[in-house]
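Visitor: return atomic coordinates for the entry below.
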Amino acid sequence: MDNTVLQLKNVSITYRVGGETLSAVDDVSFSVHAGKTLALVGESGCGKSSIANAICRLLMQGNESVTGEILLDGQDVLPLSRREMEKLRADKIGMIFQNPLDSMNPVYTVGFQVAEPFLARGLKKKEIYPKVLDSFIQVQIPDAAERLNSFPHELSGGQQQRVMISMSAIRHPMLLVADEPTTALDVTIESQILELIKSLRYDDEEAGIVGKPSSVLLITHNFGAVAEIADTIAVMYAGQLVETGDVFQVFDSPLHPYTRLLIAALPRIRKSEGRLASIPGTVPRFMGTSFAGCRFASRCPKATDICSRHKPPLVESSAGHACACHRVGG
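Guide: The predicted model follows:
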């Protein structure tokens, strides 16, 4: 039985910028399975958020082009009308945005905003608000009953993010897209938020939100968050996938030079291990579609002449572990 919840097939995203075409995502394919978490990892500018917004059909600037297929529960979301997509988002997709304060309406209480989708369907307040209160309690919002009547700006950053999680969790979505959900949170709150997101995958009253298991697409540059909750990892660089695999495979035996450098840049427990590693340079922007080589070549310590001339394919080197590099193992 196929348990694939989300599948991207050869997805490319371009933007029109000053009369030119910016390649933000290039031929990306991956799958997220039921009850599992896939972490999409990479530096800022790699195209992660473009993918998240394309899945939810939130690329609305009018200057974008999306090709390929984005299958949610077997249905391609790209050809859907606006009304059909709104229904799909209401029924099957939850999204946690990077900045919760910017994602909530400042003139409505947070309790109303969590209840709003149900009120729009004609359900009564007396039916909905007990569920909203229970959801606030489950995501560990202090003084939950009082917070129902708070406005977004009256909450701390961690509380705002918990409200965002409540908005998604109360609907028990099939897919939860979490776009940098712990940015600007301190490490203690970050750990709590990650545990809450992790708990959404299980139909277990003690584990967290009760309902059918959700799959999670975690968008992050934080490998620490990945280690805590992910099952599989897809590493992106400049709009392309460079490595995919089980979380243990990628952490124990990273294949791509970019993945190795990202892991080497993780903070260490002991000061004796020296200064943190860094990756010189920044993620480049690729205008047009004429670039033929490896996009990481200009920053790669192992690059050779072939790297700048030919794009390496994403090839499986062992069961479930794939890498796009001309010098895998070299």
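Visitor: let me see the ranges of the helices in the stretch 1-150 of the chain.
Guide: Using DSSP state H, counting those that start in this stretch, the helices found in the stretch 1-150 of the chain span residues 48-55, 82-92, 100-103, 110-120, 125-138, 144-147.
Visitor: just the ones you listed: most buried one?
Guide: Counting by mean count of other C-beta atoms under 10 Å, helix 48-55 has the highest mean neighbour count of the helices of the stretch 1-150 of the chain, with a mean of 23. (Each C-beta comes from the backbone N, C-alpha and C, glycine too.)
Visitor: quick one: residues in contact with it.
Guide: Under the criterion C-beta atoms under 8 Å, 6 or more residues apart in numbering, residues 6, 8, 11, 13, 24-25, 28, 40-42, 59, 66, 70, 72, 77, 93, 95, 98, 175, 177, 179-180, 217, 219-221, 236 lie in contact with helix 48-55.
Visitor: repeat that for 7 Å
Guide: Contact with helix 48-55 is made by 6, 11, 13, 24-25, 28, 40, 42, 59, 66, 70, 177, 179, 219, 236, as judged by C-beta atoms under 7 Å, 6 or more residues apart in numbering.
Visitor: straight-line length of stretch 241-252, end to end?
Guide: Terminal residues of stretch 241-252 are spaced 19 Å apart (C-alpha to C-alpha, to the nearest Å).
Visitor: kindly report the same for stretch 85-102.
Guide: Using C-alpha to C-alpha, one end of stretch 85-102 lies 22 Å from the other.
Visitor: hey, least reliable of the helices of the stretch 1-150 of the chain by pLDDT?
Guide: Of all those, mean pLDDT reaches its minimum on helix 100-103 (a mean of 83).
Visitor: against which helices or strands is that helix packed?
Guide: Contact here means 3 or more C-beta pairs under 7 Å, 6 or more residues apart in numbering; DSSP states H and E; on that basis helix 100-103 packs against helix 157-169.
Visitor: for the helix it packs on, list the C-alpha coordinates in CSV.
Guide: Extracted in CSV, the C-alpha atoms of helix 157-169 (Å, rounded to 0.1, in the frame of the first residue of the first chain):
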residue,chain,number,x,y,z
GLY,A,157,7.4,34.9,20.3
GLY,A,158,7.2,31.4,21.7
GLN,A,159,3.5,31.8,22.5
GLN,A,160,2.8,33.2,19.0
GLN,A,161,4.4,30.1,17.5
ARG,A,162,2.3,27.9,19.7
VAL,A,163,-0.8,29.6,18.5
MET,A,164,0.3,29.0,14.9
ILE,A,165,0.8,25.3,15.8
SER,A,166,-2.6,25.3,17.4
MET,A,167,-4.1,26.7,14.2
SER,A,168,-2.8,23.8,12.2
ALA,A,169,-3.1,21.0,14.8
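Visitor: starting at the chain centroid, how far to it?
Guide: 16 Å (C-alpha atoms, centre = their mean, to the nearest Å).
Visitor: what's the first helix or strand after that helix?
Guide: strand 175-179 (DSSP states H and E).
Visitor: gap between that next one and the chain center?
Guide: 6 Å.
Visitor: out of the contacts of helix 48-55, which is nearest to Leu261?
Guide: Distance to Leu261, by C-beta to C-beta, is smallest for Gly42 among the contacts of helix 48-55, at 11.6 Å.
Visitor: rewinding a little: quick one: which of the helices of the stretch 1-150 of the chain is nearest Glu316?
Guide: Closest approach to Glu316 among these is made by helix 48-55 (21.3 Å; C-beta to C-beta).
Visitor: re earlier: of all the contacts of helix 48-55, the one with the weakest confidence?
Guide: Leu59 (85).
Visitor: please report the distance of the closest residue to it other than its chain neighbours from Thr21.
Guide: Spatially, and ignoring its direct neighbours in sequence, Leu59 is nearest to Asn53 (4.9 Å; C-beta to C-beta, 6 or more residues apart in numbering). Per C-beta to C-beta, to the nearest Å, Asn53 is found 18 Å from Thr21.
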